[in-house]
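Student: The amino acid sequence is not available; the structure is as follows:
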């Protein structure tokens, strides 16, 4: 192999007549009789090579046997392309390299799928050969986007006086919502480490240690049910600050997010992001992570359905409607929409169309002319519009109507991929009631502080306590979440008790943190960005696996290296572990 003098993405007309050495993979081969054209590729780009039988001093038969994805090293001379052969779509499209020497470094076997077409194989099959899929232009671009985002984050936070501190990967198992991944200890037989779901307790301890601005780009692990935008191991941008309130966190989050989008995409976000309460988001959009790129909003139509003769909604706790401006669907599509909302617990989907000054079809016959007119006026329904309605328990209605809103936007392409609409969602309930376990659980995590004016409600009315938590949402994705933390031992103990964590369990699992609160814990708060999800938005993909080099499947498996995998009885014996059903 000869040492390369240039990459495959940098030669231009200014390099004509230079002798160069290029190394890379063969992207395409085109045979034209006594001339062979090869596009050579590396991660920087492509360069066209020319092998001419009349001038090439080597074995021309070997040249004609070259295959896609062979790895080669060549030397040659840069020459201009003929005018008609110039490729304006390539940075190197005005030149080519006339090859005078070829070394075949590695010949490839027949490929399991076509590298230039990711759709030529299923995702699971591509994940089995992930090292090949990573050669594709799309994924290489995504990995570069990820790298640039890393650098933008570190640069911004360093300039804002943050210091990067690494926290342990082997830690104590603590209940934080999802199941822990456990690591058995060989030395301390019968005891386990846990992989961190987040560095939550450590970053709070760093605040107590006097590091008032900490950050870390860190791996986190949660053994939870997976979906398209989740992974069992994921990356967070973790931030914590002392002597701050919510406004300080918002300003920092806005500055960091704006800097990353500007550096990576050249996109300018607003300097201040809009703020919306949790209740407002749920009532208006049916979700606590609304996509604001389109206008569809949920409307309260219960007063109208209650006044109608449509009895199916009379007993419903909530009835919400979606007005679709300029959209009217066939009965076939309406049936598809009905099946869609049933996935979210809705029993059905009521509808009407606005035509010739009246409402028709669906449940329109149950509304008097006067009631129809009032509904049209209040909801600003015009001819050519359509309204969908769902009635049920409030939670079911909001969830199903919110999902329907997003499905309509997807079908109608209402959201532009190049638009980014960030907002803060705030004033979350502090607790949720778990009907199965008959106890409260933390909506964010047990270290989130309640609003100062709601502290007394922890005893008298815990269901209505509002937390000091906040989420950053962009285009329907929760990109970051955080809170002002509890920094007082007594208040933290009271919250643990409300969550059903006994004093003994709290001391066992969190005693080190509670003890640290004795020694001058400052007020503090922070936020954690889902880095993979952020990069997913920057890369313009909807699949989080597209921005992770070696991801797991939705069943938490790595198809490439076949993990998780069995281990030997010898290893299990060393750890003192016996598997049920295994000899």
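Tutor: Here it is on my side, so go on. Keep in mind that this is a model prediction, so the values were computed, not measured.
Student: how many other residues sit next to the nearest residue to residue 313 once chain neighbours are set aside?
Tutor: Leaving aside its sequence neighbours, residue 313 sits nearest to residue 391 (Cβ to Cβ, 6 or more residues apart in numbering; 3.7 Å). Where C-beta positions appear, they are placed from N, C-alpha and C, glycine not excepted. When counting by other Cβ atoms under 10 Å, one arrives at 26 neighbours for residue 391.
Student: One more: the one 10 residues further on?
Tutor: The number of residues packed near residue 401 is 29, by other Cβ under 10 Å.
Student: counting contacts, what elements does the helix or strand hosting it pack onto?
Tutor: Assessed by DSSP states H and E, residue 401 sits inside helix 394-412. For helix 394-412, the packing partners by 3 or more Cβ pairs under 8 Å, 6 or more residues apart in numbering; DSSP states H and E come out as helix 278-285, strand 298-300, strand 318-324, helix 331-342, strand 386-392.
Student: And the longest helix seen in the chain, how far out from the chain middle?
Tutor: For the chain, the helix with the greatest residue count under DSSP state H is helix 137-159. With Cα atoms, centre = their mean, to the nearest Å as the basis, helix 137-159 stands 15 Å off its chain's centre.
Student: Contacts only, for residue 165.
Tutor: By Cβ atoms under 8 Å, 6 or more residues apart in numbering, the contact set of residue 165 is 206, 211, 214, 216.
Student: Select from these the one having the most neighbours.
Tutor: With neighbours defined as other Cβ under 10 Å, the most crowded of these is residue 214; it has 25 neighbours.
Student: Just the buried positions in the strand or helix carrying that one, please.
Tutor: Element membership for residue 214 (DSSP H and E) is strand 213-221. For strand 213-221, burial by neighbour count (16 or more other Cβ atoms under 10 Å) applies to 213-218, 220-221.
Student: Could I get the contacts of residue 165 in CSV, plus columns for distance to residue 243 and pLDDT?
Tutor: Putting those into CSV (distance: Cβ to Cβ, whole Å; pLDDT from 0 to 100) gives the following:
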residue, distance to residue 243, pLDDT
206, 14, 97
211, 12, 96
214, 13, 98
216, 20, 97
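Student: Surely residue 535 is in contact with residue 149?
Tutor: Yes. Counting by Cβ atoms under 8 Å, residue 535 sits close enough to residue 149 to count as a contact (5.5 Å).
Student: Report pLDDT for the nearest residue to residue 237 once chain neighbours are set aside.
Tutor: Closest residue in space to residue 237, ignoring its immediate chain neighbours: residue 529 at 3.9 Å, by Cβ to Cβ, 6+ apart. We note a pLDDT of 97 for residue 529 in this prediction.
Student: Residue 529 against residue 482, yeah?
Tutor: No. Between residue 529 and residue 482 there is no contact under Cβ under 8 Å: 9.0 Å.
Student: which residues does the closest residue to residue 4 other than its chain neighbours contact?
Tutor: Leaving aside its chain neighbours, residue 4 sits nearest to residue 23 (4.6 Å; criterion: Cβ to Cβ, 6+ apart). Applying Cβ under 8 Å, 6+ apart, we find residue 23 in contact with 1-2, 4, 42, 71-74, 105.
Student: just those residues now: which is nearest residue 89?
Tutor: The closest of these to residue 89 turns out to be residue 42 (Cβ to Cβ; 17.8 Å).
Student: what pairs with residue 320 across the strands?
Tutor: Per DSSP bridges, the residues bridged to residue 320 are residue 300, residue 390.
Student: And it, how far from residue 290?
Tutor: Per Cβ to Cβ, to the nearest Å, residue 320 is found 14 Å from residue 290.
Student: And these two? Which one has more around it.
Tutor: Using other Cβ under 10 Å as the criterion, residue 320 and residue 290 rank with residue 320 on top: 27 against 24.
Student: Give me the angle between the top strand by length along the chain and helix 137-159.
Tutor: In the chain, with assignment by DSSP state E, the single longest strand is strand 19-32. Inter-element angle recorded for strand 19-32 and helix 137-159: 150 degrees (by axes from the mean of the first three to the mean of the last three Cα atoms, to 10 degrees).
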